Every structure is written in C-alpha cells, then in structure tokens.
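Asks: curious how this folds, go ahead:
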Amino acid sequence: MRILARDSRRDTLPTRRKSVAPTPAGRPPDRGEPLIAIVGRPNVGKSTLFNRLTGRRRSIVGDEPGITRDRIYGECDWAGRRFRAVDTGGIVPDDRGLIAAEIFAQARVALEEADVLVMVVDARTEMAKPDYDLARLLERLKKPLFLAVNKVEGEALAAEAENFRRLGIREVFAISSEHGRGVAELLDAIAEKTGNRDQGSGNSKQRVSGLASQQVGAEAASEEIEEAIEDEIEEGGPLVPGGKPARAQKRMRTHGEFEQRETSVAIIGRPNVGKSTLLNALTGTRRAIVSPVAGTTRDAVDEVVEFEGQTLRFVDTAGIRRKGKTRLMAEKLSVVMARKHLEAADVALLVIDATEGVTASDATIGGYAHESGRSVIIIVNKWDAVTTGRKDGKQPADRAIFERQLRATLKYLDYAPVIFLSALEGTGPERKGMARALREVVTVAKERRKRVSTGAMNRFLERIDFQRAPVPMAKRVRIFYMTQAAVAPPTFVLFTDRGVKLHFAFERFLENKVRAAFGFKGTPIWFKVRPRNAATGR
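Replies: Numbering: from 1, shown residues only. Next up is the predicted model:
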C-alpha cells in the first residue's frame, strides 16, 4: 500500500559539461564519434530518419510541417561503428519569421558541430528555390555532404530521385525512412567517408537486418505512445519510458545509499510561462528556442551543467495543457512526452507565470510531479514584470502575499521551496538569480537521497506524543517501529497493530514530525503500513 504525503556565499555560476553519461532524455556523450547533422526543409522526413538511425522514438513525428524546432541528439550503431546524430528543425533560409529564424539559428549550431551533413528532400515534391539555397549553404561548409531523397516507396519514385542531382550534390541516395529502404547504403557511405569502415562484420544484408531489428523497438514505442494518448490524458496516469502507465509498472529503488552520476531536472509548466528562457538562463546557453508564441517547444530539449561539483541535466519540456486545448497530434504527443520526461527526472521545476498568478492548470501539473514522487521546486517567473518593471500603474506585488496565495492553492506542495526570479534577467551577463536556483536544486537533490538509520527513526518515535494527533480514536493505529525502506523519494515502512489505511490527519501529523526532525526539503514522503502479524507471520 502506498500513501502519499507531502546563503550568504558569493554566487558561483555553472560551467557546461560536454562529456557525460546520457539519460533517457539527454544528449549522448561526445567520445569522439562522428556527428551526423540531418537537415532539410520542413516536413521532408528528417525526424523519421533520425528515429530510424537511433532506433528510438526520440523526435516527435507527424504530418504537420514544422514539428521539430530545437536540436535533438541521439546515438547510432552501424557496422561496428558508433555515430552521433542530431535532428534539426525545417530550414527555410529566406523565411524571416521569428520562430523560423530561431530554428535556422539552432540548425546552424548543429551544422558547425557536425562532421557529416545529410540533406533530406521529399521525392514526391518538386525542387524549389529553398532547396537550391540550402544546398549551396551546405556546400560552402566544405564537409562530407550526402543527399537523402526520402519517401521513395516504389521503383517509379526511385527513378524520380535522380532528378535531384540538379542540386549539385554528388552523393545521392534514394531512401524510405519509414520502411528502412536505402538507409543501409547511406550509412555505409557515411562510414566510408569517416574512416574505419572495416570495423564492422557481416555483409550488407545482415547489417540491414540489424538496422531493421534495431528499429522494431522505436516503432513499437511509437504505437504504444499513440495508443496511450487518449488513456493518458483521460485517466491522468503519468507515463514512464516505454509508454506504460507508472501505476502499472513496478518501481525499483535501492535499499542502500542512492548514488548516481547526475541529477535530472525537468522544467515543467503551462505553455508560455518561460520554461525555455529558464533553461537558457540556468545553463548559460541559447539551447532552446524562445518566442512569445505559446507552444514553441515540442520535443524535450536538454543541457548539462556542472555546479559546485554536481552534474545537473536540465530538460525543457513542452507546455502541458488540457486535452480540450490540444488539437494537433504533435501537440498531444508533446504533452505525453513531457509527462514521460517528468517521470524520468529526479527534480521538477514547476514554473508559474507571476503576471497570471497560480491557475488550476498549475495545480494539475504540480499534482503530476507530486504523485509521481518527484522532488519539486516552485519557480515564480517574470517577477520583475509585477514589481520593478510594472507598467500598468498598479502597486508592485508583495512577495509574502503572493506566496501565501500560492500555498493556499498548492496545499499538497507545502514542502516545496519557492523561488521568485526573472528568467529573462538571468540570461544577461550577470546571470541574476541563477546561482540561488542552482544551489536549491543541489540541496533538494541531496535531501531526496537522504537516508535515516532505523535506530534514529525509533528514537524519533519515542519522542512523539501521538495522543496529540488530531485523529478520531477509532482511526488511530499504534506504531511499534518504523524504518526507511527506500530513498528517492524517501519511503518509510510503519509496523503497526492493524493493517488499515492511515487516516489523512494522522499521516499529515506524522509527516510534519518527520520533516521537523530530519528535513527532506522539497521531496514528498511516502508511507507504507505493514501490520505486525504480517511481519512476523503470525
């Protein structure tokens, strides 16, 4: 049974770290493997090719153009060699729109990092001026360049693919990213250009078979996610990697000290509350596209920093909104993926827009993090817009009153610290307020993994006057002893005289006493009840 409960030092800013172990949501480590940049106009199948190469549904795929916007990284194994791949948003060089320009800027970063360039075009469409412009741009980079003519599902289209040689790119391959046709030949050519091609074993057909089997997991995950969208949004059950509801999947936690190499931090919230700006401010980069258009972020974007000896992986997720507000398949998938990345995180930064106050949607999103056992830090963003930068003639907002109203709405997150900041100011040269936020993340992550010995817990029990608990006599239980069974989140087993569910008031009383004695700042506490007869077998 699971019962849910609830510095004066000089600011030091983080440094980026490029070589770390990856997480399910993360960028793969750079160990010297060639990086393949996949570029092209919108809706030509770049994300489908990326998912085919990496064998995972990392990029959201759909019929709507312009789904991918930020850079998405993954890894690919082929013929005994290891590559890294980066998926980019659709490039239209002449488009001066805000989001299009930001997508182009992100793609340029990928092009500069890359060792190999793969330009993807759609065999079913005519060549257009943006194709020629992009081809010229890529040729000027003087890097190995391949043209992948995608969506070739028949011999007739294979013949049409030859027409794309007019773009001036020598290496042309007719492929079908969806079905895997021609992808093996493309990878063989990339391996030959980057050297050490003979490291692989087996003939081309065997390697094609290996690529197909590698993709089975990605296609299965795709089907599971799409089938789970309606159930996920209707039932509200958070998903974990693989598309399975968390309540149906067994949680595995260590019985010893919880150690891991990095802390995963998911940035969650409604659309357009400043999550991407916060990611850029915390990491000191322009990793995520920022615009005033709600729903700009779709794929999860991550970046790793080191702060005070700790490795932190920040994951910017898509804005979570109600089912009625999500109409396009890409938006529905982005919501599901955001919930998945939340489930994979250690700490959640719940971002709230100070100009709009705490809404019912904020409470729902915070509930996702609380129920899944994530540690939570509440970030009240855009605080400058209601204080020093207020332009509507009203009095500046009072921090104490705002926090009191916030606590009244988010009662179940009373353990979560609250930080008031402006992410936009944090992107400036001084990185205002970011060191405090980073330090709070490190503190909460340590509290999440804290372990209390059984002896200390039982000495704690002896000091508690349970007669003062505001619980009816019929609902009270006697606790003989208790022990901490797991960490992340801290989970305690209570050995009692009766196998009944704890009354909510008794549970809250006990939780408050535990926090007063041992801390556990920012993390939920779980209690499990085990009657003594069950423990002794009598």
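
Asks: low pLDDT regions in the stretch 201-350 of the chain?
Replies: For the stretch 201-350 of the chain, applying pLDDT under 70 flags the ranges 201-260, 287-300, 322-334.

Asks: ugh, wrong one, the stretch 351-500 of the chain
Replies: Applying pLDDT under 70 to the stretch 351-500 of the chain flags residues 430.

Asks: in it, which spans are helices?
Replies: 360-371, 399-409, 423-426, 434-448, 454-463 (DSSP state H, counting those that start in this stretch).

Asks: residue 515 is nearest to which of those helices?
Replies: The closest of the helices of the stretch 351-500 of the chain to residue 515 is helix 434-448. By C-beta to C-beta, the value is 10.1 Å. (Each C-beta comes from the backbone N, C-alpha and C, glycine too.)

Asks: any buried residues in that closest one, and which?
Replies: 434-435, 437-445, 447-448 (16 or more other C-beta atoms under 10 Å).

Asks: okay, the angle between the helix or strand encompassing residue 348 and helix 360-371?
Replies: Using DSSP states H and E, residue 348 sits in strand 347-353. Taking axes from the mean of the first three to the mean of the last three C-alpha atoms, to 10 degrees, one finds strand 347-353 and helix 360-371 inclined to each other by 170 degrees.

Asks: strand partners of strand 347-353, parallel vs antiparallel please.
Replies: Here strand 347-353 has these sheet partners by DSSP bridges: strand 263-269 (parallel), strand 375-381 (parallel).

Asks: pipe the ones you listed into CSV and attach distance to residue 366 and mean neighbour count per row.
Replies: Formatted as CSV, the strands paired with strand 347-353 follow (distance: least, C-beta to C-beta, whole Å; neighbours: other C-beta atoms under 10 Å):
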stretch, distance to residue 366, mean neighbour count
strand 263-269, 8, 27
strand 375-381, 7, 25
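
Asks: how about those in TSV, adding distance to residue 317?
Replies: Output for the strands paired with strand 347-353, formatted as TSV (distance: least, C-beta to C-beta, whole Å):
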stretch	distance to residue 317
strand 263-269	6
strand 375-381	14
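
Asks: still on that earlier bit, which one of the helices of the stretch 351-500 of the chain is the most hemmed in?
Replies: helix 423-426 (a mean of 22; mean count of other C-beta atoms under 10 Å).

Asks: what packs against it?
Replies: helix 275-283 (3 or more C-beta pairs under 8 Å, 6 or more residues apart in numbering; DSSP states H and E).

Asks: between the very next helix or strand once past the helix it packs on and helix 275-283, how many degrees?
Replies: Later in the chain than helix 275-283, the nearest helix or strand by DSSP H and E is strand 301-307. Interaxial angle of strand 301-307 relative to helix 275-283 (the same axes, to 10 degrees): 30 degrees.

Asks: enumerate the positions of strand 301-307 that are buried.
Replies: The neighbour-count check on strand 301-307 (16+ other C-beta under 10 Å) flags 301-305, 307 as buried.

Asks: put the alpha carbons of that strand into PDB.
Replies: C-alpha atoms of strand 301-307 as PDB (Å, rounded to 0.1, in the frame of the first residue of the first chain):
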ATOM      1  CA  VAL A 301      15.500  19.800 -25.000                       C
ATOM      2  CA  ASP A 302      18.200  19.200 -22.500                       C
ATOM      3  CA  GLU A 303      21.600  20.600 -21.500                       C
ATOM      4  CA  VAL A 304      24.100  19.500 -18.900                       C
ATOM      5  CA  VAL A 305      26.000  21.900 -16.500                       C
ATOM      6  CA  GLU A 306      28.300  21.400 -13.500                       C
ATOM      7  CA  PHE A 307      27.700  23.500 -10.400                       C
END
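
Asks: list the pairing partners of that strand within its sheet, with orientation.
Replies: Short version: by DSSP bridges, strand 301-307 pairs with strand 15-16 (antiparallel), strand 310-316 (antiparallel).

Asks: tell me how far it lies from the chain's centre.
Replies: Relative to its chain's centre, strand 301-307 lies at 12 Å (C-alpha atoms, centre = their mean, to the nearest Å).

Asks: got phi/psi on the spatially closest residue to residue 113 that is not a sequence neighbour?
Replies: Of all residues not flanking residue 113 in the chain, residue 35 sits nearest, at 5.7 Å (C-beta to C-beta, 6 or more residues apart in numbering). With angles defined as degrees, to the nearest 10, residue 35 sits at phi -100, psi 130.

Asks: OK, contacts around residue 35?
Replies: 83-86, 113-116 (C-beta atoms under 8 Å, 6 or more residues apart in numbering).

Asks: looking at those, which two lie furthest apart in space?
Replies: The span of these, defined through C-beta to C-beta, is set by 83 and 113 at 13.2 Å.

Asks: just to revisit the earlier point, a markdown table please, covering the buried residues of helix 434-448 and showing distance to residue 366.
Replies: Formatted as a markdown table, the buried residues of helix 434-448 follow (distance: C-beta to C-beta, whole Å):
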| residue | distance to residue 366 |
| --- | --- |
| 434 | 22 |
| 435 | 25 |
| 437 | 17 |
| 438 | 21 |
| 439 | 22 |
| 440 | 17 |
| 441 | 17 |
| 442 | 21 |
| 443 | 19 |
| 444 | 15 |
| 445 | 18 |
| 447 | 18 |
| 448 | 17 |
